[in-house]
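Peer 1: The following block contains a protein sequence and its predicted model.
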Amino acid sequence: YSGTSGTELKKVPMEINWNPEMVEKQGFPHFMLKEIHEQPRAVAAAIEPHISRAENKVTLKGVGFGGEAIADLDKIDFKKDYALTSEVLSKVERVLIIACGTSYYAAQVGKYLIEHHAHIPVETDIASEFRYRENIVLPNTLVITISQSGETADTLAALRKVKERGARVLSICNVRNSSIDREAHGHLYLNAGPEIGVASTKAFTATIALINCFAINIGVLKGSLSREKEIKYVEALLKAPSQIEAVLNFDKYFDKAAETLGKFRGFLYMGRGVSFPIALEGALKLKELAYLHAEGYAAGEMKHGPLALIDEEMAIIMLAPQDALYDKTLSNLEEARARGGKIIAIGTGDNEHLRRISEHYLPLPKAHWTTNALLEVVPLQLMAYHLANHLGYDVDQPRNLAKSVTVE
Ligand code: M6R
């Protein structure tokens, strides 16, 4: 019976796809470290339902995808009630992604991918800002909410607001039947298993992997991604779990390096393209776990202010993968170094130059730019974990933070 009204409550049994083992540490000292190590599996589980390995093809499978075909596609009006079918997705003209914290940084990675593959504008917004603004949701905008927990109050409020304005909402979420999941029209699940550490890790990489699938799918449906490119991007994505596995070896590296790294006054994380949101995520991890001052910046913005911060007490964490922007990133790195900054570079393979000019050089396996973010974030998670641990902080329960922010 309801405690407030005294009316009889009807409880509906619900099946969950999590088992008791998943909520144990399984020999790891902390849930966070266990969840970092689960990422190869989490990424594979996120993409598996949507990829045909035989054809290297993406077909999104989720509740809300499918349903009735629409008779007149040119008359699609997103204010009417219909399923998020392939036909509907092919008519999406813009995407708005709303989220908070780490999920918001995953949204920013999604912006680069969707804009590149589908040639449509993608806006990302922080839910706590979006909900209190006069927002314009134009027709044929697909709104995507990202939330690991599905219970973040600001994201839920933003979802309700866009629904009032007639938009269709696709939820990317880890918890089935959570508040956000229940109120969205379409659903893509992370399948990452329970994430218990307050700092989000495996949900972040699972989200980026899933957004890769979404971006490929909508790119194909909109006719802007050739079959050849679809195959290439799917192949890159399928390689990600084993590449993440290789990157997990940095665990031992940061266990040793934590003592030296803990002495810096500040940490400046930088990157370009998809590495920019990863810089933001790396800085967030360090702040929330090790309580150290860290900032994430787009490397190209360095000259517009942060350069003044740099001296020999500042660690510069530079994400410098061998991508189209490598030369530009390298020149930013040289600028930081010339001001005395101590460089921790994350690059591709055995890059002799980066190794020579850095205090710490972390080589990543060669990957396609669309999956680089999945690899780059892992050393940053491990660095924050080991620094926090070394400084004696509670890694799974950082001070002042809750796993899901269900109040404002
Ligand atoms: O459950 P959500 O994905 O909606 O949570 C959003 C943020 O509260 C969350 O990502 C938070 O920033 C994490 N503590 C970051 O590690």
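Peer 2: Alright, I've got the coordinates.
Peer 1: Flag every residue of the protein that's near the ligand.
Peer 2: 100-103, 147-149, 152, 155, 198-200, 288, 401, 404-405 (CB under 6 Å from any ligand atom). For every residue, glycine as well, the C-beta is placed using N, CA and C.
Peer 1: Kindly give a single ChimeraX line that selects the buried subset of those.
Peer 2: For anyone working in ChimeraX, the buried entries among the residues of the chain next to the ligand, judged by 16 or more other CB atoms under 10 Å, can be selected with:
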select :100,101,102,103,147,148,149,152,155,198,199,200,288,404,405
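Peer 1: pLDDT-wise, what's the bottom of the residues of the chain next to the ligand?
Peer 2: For the residues of the chain next to the ligand, the least confident position by pLDDT is residue 404, scoring 83.
Peer 1: and that one, what is it in contact with?
Peer 2: When the contact criterion is CB atoms under 8 Å, 6 or more residues apart in numbering, the partners of residue 404 are 148-149, 151-152.
Peer 1: what do you get for residue 158?
Peer 2: The neighbourhood of residue 158, defined by CB under 8 Å, 6+ apart, consists of 98, 125, 127, 130-131, 145.
Peer 1: which one is it nearest to, not counting chain neighbours?
Peer 2: Closest residue to residue 158 in three dimensions, ignoring its sequence neighbours and counting by CB to CB, 6 or more residues apart in numbering: residue 127, at 4.3 Å.
Peer 1: residues near the one you found, how many?
Peer 2: Using other CB atoms under 10 Å, residue 127 has 26 neighbouring residues.
Peer 1: Tell me which stretches of the stretch 1-150 of the chain form strands.
Peer 2: Ranges of strands in the stretch 1-150 of the chain, per DSSP state E, counting those that start in this stretch, are 51-52, 57-58, 94-99, 122-126, 141-147.
Peer 1: Surely residue 307 touches residue 337?
Peer 2: No. Residue 307 is beyond contact range of residue 337, at 11.6 Å (criterion: CB atoms under 8 Å).
Peer 1: and stretch 376-388, how far out from the chain's middle?
Peer 2: Relative to its chain's centre, stretch 376-388 lies at 15 Å (CA atoms, centre = their mean, to the nearest Å).
Peer 1: distance between the ends of stretch 11-26?
Peer 2: With CA to CA, to the nearest Å as the measure, the first residue of stretch 11-26 is 33 Å from its last.
Peer 1: ok, and what's touching it?
Peer 2: Stretch 11-26 is contacted by residues 31, 34, 176-177, 191, 193-194, 196 when judged by CB under 8 Å, 6+ apart.
Peer 1: Turn those into CSV, columns for neighbour count, pLDDT and secondary structure.
Peer 2: As requested, those are arranged in CSV below (neighbours: other CB atoms under 10 Å; pLDDT from 0 to 100; DSSP: H, G, I helix; E, B strand; the rest coil):
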residue, neighbour count, pLDDT, secondary structure
31, 23, 94, helix
34, 20, 95, helix
176, 18, 89, coil
177, 13, 88, coil
191, 19, 94, coil
193, 21, 92, coil
194, 16, 92, coil
196, 17, 91, coil
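Peer 1: so who does the nearest residue to residue 300 once chain neighbours are set aside touch?
Peer 2: Once its chain neighbours are removed from consideration, residue 300 has its nearest residue in residue 272; the separation is 6.2 Å (CB to CB, 6+ apart). Going by CB under 8 Å, 6+ apart, residue 272 touches 298-300, 319, 325, 328-329.
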